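S.K.: Here is a sequence together with a model predicted from it:
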Amino acid sequence: MKKKKLSLNKVAPTSDSGIKVDYIPSKVPSVDNTTKSQSGELDKDKNNDLMAKINKVLEVYRKSSSLDVGATPHEVVKETRLYRLLHYKPIFDSPIRPPILIVYALINRSYILDLQKDKSWVRNLVNQGFDVYLIDWKSPSLNDKYVSFDDYVNVFIDQCVDYIRNNKSVEKITLHGYCMGATMSAMYCSLQQYKIKNLVTLAPVVDTSKDSTVIGNFARHLDVEKIMESVGNMPPELLRTCFSALKPFKQGVNKYYSLLEHINDRRFIENFLRIEKWLYDIPPIAGEAFKQWIKNIYQENLLVKNKMKLGDEFVNLSRINIPLLNLIANEDHLVSPEGSAELNNLVSSKDKRIMRFPTGHVGLIASSYSQINVLPKTGRWFFLRSNI
Amino acid sequence: MTVEQDFNKKYQELINSYNAIWKDFKIPNFNMFSPYFQFEQDQKQFQDLFALFLKFHGSIINYLVQVNQTYLKSIKELQSKHPELPNFQSEDEMKEYKNIAIDVFEDSFTKLFQSNEFSIAVSDLLSNYSSFGKLLGNAFNDYLKSMNLPNRSEIDTILRDMQELKRDVHRLRKNLDLIMSEEKEVVLK
C-alpha cells in the first residue's frame, strides 16, 4: 500500500460558527483494516495513521489562534470597573416584556451562555423574541479584595436592574441566574422583590447540607479566612486545581482521547476548543465574596437558616412570592441537585416549578440537548408570565 | 601533688570562679534594654518560620501519601479486573483496557476527593502554606518600615474603608433618588 503524504491545506479562516482557525487540517486518510499482516503486528499504515492524528491534534492546538465566543450581536450599555451590562439586540422591534436580566456566576466567564451559534442560551432566548441583558463580571484586582456579596447583590445587580427599568420604562423585570448567579438572584429577590416580576434559577447553590459533591467536601474543611488573608483574592490557579479534581479521568484524560478519535470532525474540534478555552479562562474571585461564599453558604449554610446578612438586612428566602422556575441538572457534579431543589421549599411563591433534566452542570446551558429540550420549555414558561 | 593534679585543681578553681560571676547575672532582663531585644524578636520569627516549615512539610507528606495510596489501590484493582496486559497490537483490546482503567481510576480518585481525610489534608496544606506566606510577609514588613513605606495590613485598612464608603455612597444615592421621586410626585399632584 502506498504511503500517502499528508497535505495541510491553508483554508479560509472563518467557518459558519465564526471560529477563526489559521488552518484546518485535511482529513487523515482512512486505513483498510483488512491489511493486517499474518504475524499480527500492527500495520505500518495504522501506526502512521495514529501518529498523523497526534500531529494534527498538536497542530490544531498550536494554530488555532482566536476563537469566536460570545458572538450573538450585543452592545455594552453600562460598564464599571467590576462589570459590564450587555444588551443583546432583539430580533423584534417590540420584544416580549418584561426584559430578562441574566446574572452569571463569579466563576469562569459568562460567554459559556453564548458559546457558539448552535449552543447559545442567550441567542435562543433572543430568537424566541425576548429582550435579554447579561451581567458580565470583570476580573477583580487586589484593590477589590473587600468587595463582598453585599456589593455584588445590593450594588451591582441593583444598578443593572435600575438601569433596565429606567431604560425600558418598566416597573419590573425577570431575573434569571446561573449557578452562583442564581443564588445571588435569589438573594436579590428576597431583598428587592418589588422590582422583579419572575425569577428563574439554573442550578442554584442553596442548601449545602445536602451537598455530596467534591467541591462541597473541599469547601467544608477549607480555612478560607487564613487563605484569603494571605492571598487577597481567590487565585485562578487554586480554582483550576479544584476543578481538575472533578471527574479527573473521565473528563480530564478521556476528553483528549476523544479529540484524537474525532480529529476529522470539524464541528467537534470547534466545540471542543471553545469549551477548553472557557474551562481555563478563570478569573480571580474577590476575597471577601469568596470568604462569604465558602464560610456563610458552604460551611454554615446560613442561606437556608435565613441568617445570611447582606448589608443591614438578613436574606430571607421565604419573602419570595413571585413566580419561580428552578431548572436542575440531575447529573450535576458541581452543584448538588438536591441542594438546588430545596429553593422551591424555602420560597412562599404559589407559582413555582422545578424542571429536572438528565444533563451535567454545563450541559444544562451549553449543549444541543439544552437547545432542544430545556430552552423551549423555559421560553414557554417566560412567555406565559410576560406582558403581551 | 603532681604537676598534673595541681593543674587540674587550679583549672577547676578557675571554672568555679567564672560560674560564680555568671550565677547572679540575669540574661532575660538584659534583653529588655539592649540591642538584643530586637534580635530576640527576630529570632522568635525565625523559630516560628522553621516550626511552620516543618508543619508544612508534614502536610505535604500527608497529602502525597494519600494520593499515592489511592494510585496503588487503583493499579491493584485494575490488575484484578484485567490481569493480563492488553495486546497493544489490537486496537479493540487497547480501547477496552483504556475504558476499564479510566473507570477504575475515576472511582478511586473520586472516593479520595470525597473523603473527609483528604479534604482535611488539603485544607491543612493550604492553610500552612498561607501561614508561611504571611510570616514571610511579616518579616518583610521591617524593611518597609525602615523605608517609611506602608505595609500590607495598613493598605488593607484603607481598602476596607474605601469599600465601605462606596457602599454608603450607593445607599445615599438611592435614598436621594427615592426622595427626589417622591417630591416630584407631590409637586405633580
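M.R.: Cool, the structure landed.

S.K.: Is the residue in chain B that chain A sits nearest to in a helix, a strand, or coil?
M.R.: Chain A sits closest to B:Ser130 of chain B, with a gap of 3.6 Å, by C-beta to the nearest C-beta. Bear in mind the C-beta positions are built from the backbone N, C-alpha and C, glycine included. Secondary structure, DSSP: H, G, I helix; E, B strand; the rest coil: B:Ser130 is helix.

S.K.: Residues of chain B that sit close to chain A?
M.R.: Taking C-beta under 8 Å from any C-beta of the partner chain as the measure of proximity, chain B contacts chain A at B:89, B:91, B:98, B:102, B:105-106, B:109-110, B:113-116, B:119-120, B:122-123, B:126-127, B:129-131, B:133-134, B:137, B:156, B:159-160, B:163, B:166-167, B:170-171, B:174.

S.K.: Wait, the residue of chain B closest to chain A touches A:Val224, no?
M.R.: No: with contacts defined as C-beta atoms under 8 Å, B:Ser130 does not count as touching A:Val224, sitting 9.9 Å away.

S.K.: Helices - which of the residues of chain B next to chain A land there?
M.R.: B:91, B:98, B:102, B:105-106, B:109-110, B:113-114, B:116, B:119-120, B:122-123, B:126-127, B:129-131, B:133-134, B:137, B:156, B:159-160, B:163, B:166-167, B:170-171, B:174 (DSSP state H).

S.K.: any idea which helix is longest in chain B?
M.R.: Taking DSSP H as the criterion, chain B has its longest helix at helix B:36-81.

S.K.: What is it packed up against?
M.R.: Applying 3 or more C-beta pairs under 8 Å, 6 or more residues apart in numbering or on different chains; DSSP states H and E, we find helix B:36-81 packed against helix B:91-114, helix B:116-146.

S.K.: hang on, the earlier thing: check the residues of chain B next to chain A for burial and list the buried ones.
M.R.: Among the residues of chain B next to chain A, the ones that count as buried by 16 or more other C-beta atoms under 10 Å in any protein chain shown are B:102, B:105-106, B:109-110, B:113-114, B:119-120, B:122-123, B:126-127, B:129-131, B:134, B:156, B:159, B:163, B:167, B:170.

S.K.: would you turn the helices and strands packed on helix B:36-81 into TSV with mean pLDDT?
M.R.: Formatted as TSV, the helices and strands packed on helix B:36-81 follow (pLDDT from 0 to 100):
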stretch	mean pLDDT
helix B:91-114	89
helix B:116-146	88
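
S.K.: would a markdown table of these with distance to A:Val77 be doable?
M.R.: Output for these, formatted as a markdown table (distance: least, C-beta to C-beta, whole Å):
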| stretch | distance to A:Val77 |
| --- | --- |
| helix B:91-114 | 42 |
| helix B:116-146 | 40 |
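
S.K.: A:Asp312 is nearest to which of those helices?
M.R.: helix B:116-146 (31.1 Å; C-beta to C-beta).

S.K.: Kindly calculate the angle that the closest one makes with helix B:36-81.
M.R.: Counting by axes from the mean of the first three to the mean of the last three C-alpha atoms, to 10 degrees, helix B:116-146 lies at 150 degrees to helix B:36-81.

S.K.: Any residues of chain A in contact with chain B? List them.
M.R.: Checking chain A against chain B by C-beta under 8 Å from any C-beta, the hits are A:40-42, A:46, A:143, A:145-148, A:150-151, A:154-155, A:158-159, A:212, A:214, A:217-218, A:220-223, A:226-227, A:229-231, A:238, A:245-250, A:253-254, A:257, A:311.
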